[in-house]
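In: model this:
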Amino acid sequence: MNRSLETIVTEWVTDNSKVIDFGCGDGSLLKSLTESRSIMGYGVENDPNEIHGCIKNGISVVQQDIDQGLSEYKNMDFDMAIMASSIQCLRKPKEALQNILEAVSYTHLRAHETRGNL
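Out: Numbers count the residues shown, from 1 in each chain. Model (predicted):
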């Protein structure tokens with residue numbers, strides 16, 4: 001993962017958050033966030049080689065093609081959903097983003113909206 005992107009994402013994530021990373025690659029971002037922010041991290045990845053990397057990095061990962069849908073993550077109340085470097089690879093990015101929003105806690109989204117309005 002690009003170090004500057006990792007730095008930006010790390011600044012956005014709060015300590016002890018429940019985070020899901022769609023297209024997580026080898027899980028290096030989630031591993032870094034676990035170490036620096038004490039998050040509970042989960043990855044979604046389709047590439048078997050990258051999944052092997054997640055396992056080596058100690059990251060819980062599910063093999064799944066994001067373009068095939070993400071309905072099983074709906075209402076799972078994640079504090080943050082990340083798709084740092086895979087959106088450009090999707091055939092249906094709009095649908096994926098809509099599904100990702102449904103995986104994030106409404107309470108958490110409202111807190112960010114309120115903060116943004118201050």
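
In: next, the residue most central in space within the chain: secondary structure please.
Out: Central residue of the chain (Cα atoms, centre = their mean): residue 21, 2.0 Å from the mean position. With DSSP: H, G, I helix; E, B strand; the rest coil as the basis, residue 21 sits in strand.

In: you'd agree it is up against residue 28?
Out: No. Contact criterion Cβ atoms under 8 Å: residue 21 and residue 28 do not qualify, at 10.0 Å. To be clear about C-beta, it is placed using only N, CA and C from the backbone, and glycine gets the same treatment.

In: so in terms of bridging, what pairs with the residue nearest to the centre of the chain?
Out: Counting by DSSP bridges, residue 21 forms beta bridges with residue 43, residue 82.

In: residues contacting it?
Out: 27, 29, 30, 41, 42, 43, 44, 81, 82, 83, 84 (Cβ atoms under 8 Å, 6 or more residues apart in numbering).

In: out of these, which is nearest to residue 57?
Out: Distance to residue 57, by Cβ to Cβ, is smallest for residue 27 among the contacts of residue 21, at 4.3 Å.
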